[in-house]
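Student: Need the 3D shape of this:
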Amino acid sequence: MRVILEGKIEDQANAEIAAFDAAKTKTDEGIGHIGIAVVYPADLRSASFDDLEARLSEARLRFKIYHENGETDWIQGDLNLLASLLVQAHQQMIREDVVAWGAETLGNAIEAAAKAFESVPAGPAIALNLLMEGVEESSNASEPEEP
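Tutor: Numbers count the residues shown, from 1 in each chain. Sure thing, here's the model as predicted:
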């Protein structure tokens with residue numbers, strides 16, 4: 001799964017809007033599956049390269065996650081929270097993909113069965129009888145048994 005990360009420093013004009021728009025655009029274009037807009041604290045700008053990793057791990061970031069099935073609000077937190085939310089977004093996308101795949105597979109099976117019944121001269125009558133048997137069985141199952 002490809003992730004787009006677009007970041008801006010908070011002291012830049014419209015940092016949130018610019019970061020989110022860039023992440024969303026690239027995700028919508030198919031460059032990535034998930035877009036993350038990150039707004040970094042301005043004090044990171046002055047961090048030396050040697051100190052940057054430690055400062056970034058302690059920083060309070062603002063971020064927003066976007067994917068084809070939705071987006072979060074702006075959230076403030078550390079990198080651990082961002083990682084956790086990214087995992088949740090990934091899991092949600094997988095669940096929704098499984099449901100979509102199941103619905104498509106079922107639809108294809110129904111369509112194939114309908115075409116198979118159409119090609120047999122008595123096919124529609126046979127299909128109707130099979131469906132009616134199923135209806136009768138389900139209605140009989142709901143009726144209470146007599147003693």
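
Student: Okay, and the residue positioned nearest the centre of the chain sits in which element?
Tutor: Nearest to the mean C-alpha position of the chain, by Cα atoms, centre = their mean, lies residue 93 at 2.7 Å. Applying DSSP states H and E as the criterion places residue 93 in helix 79-118.

Student: What of residue 36?
Tutor: Element membership for residue 36 (DSSP H and E) is strand 34-40.

Student: cool, and residue 6?
Tutor: strand 3-9.

Student: picking up where we left off before, neighbouring strands for the strand holding residue 36, and are they parallel or not?
Tutor: When pairing is defined by DSSP bridges, strand 34-40 lines up against strand 3-9 (parallel), strand 61-67 (antiparallel).

Student: Point out the most buried one among the ones you listed.
Tutor: With neighbours defined as mean count of other Cβ atoms under 10 Å, those peak in mean count at strand 61-67, which reaches a mean of 22. Glycine gets a C-beta too; all of them are placed from N, C-alpha and C.

Student: Return the distance of that strand from the chain's centre.
Tutor: Centroid displacement of strand 61-67 relative to its chain, using Cα atoms, centre = their mean, to the nearest Å, is 14 Å.

Student: Quick check: next helix or strand after it?
Tutor: Next in sequence after strand 61-67, counting helices and strands by DSSP H and E, comes strand 70-71.

Student: From the rest of the structure, what touches that next one?
Tutor: Around strand 70-71, the neighbours that count as contacts under Cβ atoms under 8 Å, 6 or more residues apart in numbering are 24, 64, 65, 92.
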